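>>> kindly return the folded structure for what I paste below:
(chains A, B, C and D)
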2 protein chains.
Amino acid sequence: MSVPVLTPALQVEGVEEACEALRARGLRLSAARRLVIEALVAAGRPVRAEEIAGGLGGRLPRSDLASVYRNLETLESHGLVRHLHLGHGPGLYALAGEERELLLCESCFRYIAVEPDVLDGVREALADATGWQARFSHFPLTGLCPECG
Amino acid sequence: MSVPVLTPALQVEGVEEACEALRARGLRLSAARRLVIEALVAAGRPVRAEEIAGGLGGRLPRSDLASVYRNLETLESHGLVRHLHLGHGPGLYALAGEERELLLCESCFRYIAVEPDVLDGVREALADATGWQARFSHFPLTGLCPECG
DNA sequence: ATACTTGCAAATGATTTGCCAGTGT
DNA sequence: ACACTGGCAAATCATTTGCAAGTAT
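Numbering: from 1, shown residues only, chains lettered A, B, ... in the order given. Next up, the predicted model:
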């Protein structure tokens, strides 16, 4: 049981860069592992492990689901991948990169991602009231969006 | 797929009061249903469905897990029960009552519950910055607690 | 009487594990 | 070579569903 959220994230943008970072950490670059990275880059949004194994619905070769999970875990433990949760439903995976804060509406279930500085005031108010440091990039901040409020 | 979080919660404290509220809503009071209520009251904290079915480890008679889930869903849809999530792991159920805001530490995985007014400043800052209304009684606010920060 | 519930079995969805053959370095 | 990784099957965990038999009102 790891604490992937707290793993320092790398700033990874493309396939080659990610593969490079991977080898730099002494990890092997297998075909299946490269496919996971390609899928995350191609998707451009957080995706389920099953979508990766399914080759993003035909865009990429399909691969074994168990291996996908294992590779996601490996990549995550090395800071190359992160995963997050949007309410109920399966975990979602993305290449590590700039971590934006997530806001999930518990009425319409849509979510938005904002730059961290947007929530500076929130973080400050929370720290003043409770001493906690808020982080909304793994588990989103939940509430009602302006339309549903 | 319901949106239980938004169901107006009743203020239910004890077994008899809950049974009363249940009948007032035209629901039948079966033995299995009463056991669910008794388990929630006896536990005094959010519990997993399996704990209820297991009779809280011997304190109460055990019952069928599928029925427990069905009854929790029924009770929740009538505002008598609510469920929440504390990070990864199974959903937790509690009698509806005063809803306190939950703060989960993503490092040590402990959580605290605070009175809603403690977070008034946080809510205000969030509304100012994004127009969202924060709610942390179903999905907790996540971050680092003072010890882990 | 009859619509609602139960209990058991089986299905589902997400994720993990065991194992042995295959492969990256 | 040799440790690491892949693929496949099977296990696990949380939850849901089908259905015949039982029960609350």
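
>>> quick one: the helices in chain A?
With DSSP state H as the criterion, chain A has helices at A:15-24, A:31-43, A:49-53, A:55-58, A:65-77, A:120-130.

>>> quick one: which of those helices is nearest DNA strand C?
Closest to DNA strand C of the helices of chain A, according to CB to the nearest atom of the strand: helix A:65-77, at 3.1 Å. Placement of C-beta: from N, CA and C, glycine included.

>>> how far off centre is the closest one?
Centre-to-centre, helix A:65-77 and its host chain are 13 Å apart (CA atoms, centre = their mean, to the nearest Å).

>>> ok so, going back, out of the helices of chain A, which is closest to chain B?
Chain B lies closest, by CB to the nearest CB, to one member of these: helix A:120-130, at 4.0 Å.

>>> quick check: mean pLDDT across that closest one?
Helix A:120-130 shows a mean pLDDT of 97 in the predicted model.

>>> hmm, it in reach of chain B?
Yes. Shown here: helix A:120-130 in contact with chain B (CB under 8 Å from any CB of the partner chain) through A:Gly121, A:Val122, A:Glu124, A:Ala125, A:Leu126, A:Asp128, A:Ala129, A:Thr130.

>>> packing partners for that helix?
With contacts taken as 3 or more CB pairs under 8 Å, 6 or more residues apart in numbering or on different chains; DSSP states H and E, helix A:120-130 sits against strand A:133-134, helix B:120-130.

>>> residues contacting A:Arg135?
Residues counted as contacts of A:Arg135 (CB atoms under 8 Å, 6 or more residues apart in numbering or on different chains) are A:Val5, B:Glu106, B:Thr142, B:Gly143, B:Leu144.

>>> let's see that with 7 Å instead.
Contacts for A:Arg135 (CB atoms under 7 Å, 6 or more residues apart in numbering or on different chains) come out as B:Glu106, B:Thr142, B:Gly143, B:Leu144.

>>> please flag which of these sit within strands.
Using DSSP state E, B:Thr142, B:Gly143, B:Leu144 are the members of the contacts of A:Arg135 that sit in strands.

>>> domain parsing of chain A, as residue ranges.
As assigned by automatic domain parsing, chain A contains the domains A:15-95, A:101-143.

>>> contacts only, for A:Arg123.
With contact set as CB under 7 Å, 6+ apart, A:Arg123 has these partners: A:Gln133, A:Ala134.

>>> I figured A:Val15 hits A:Leu40, correct?
No. Using CB atoms under 7 Å, A:Val15 is not in contact with A:Leu40, being 8.9 Å away.
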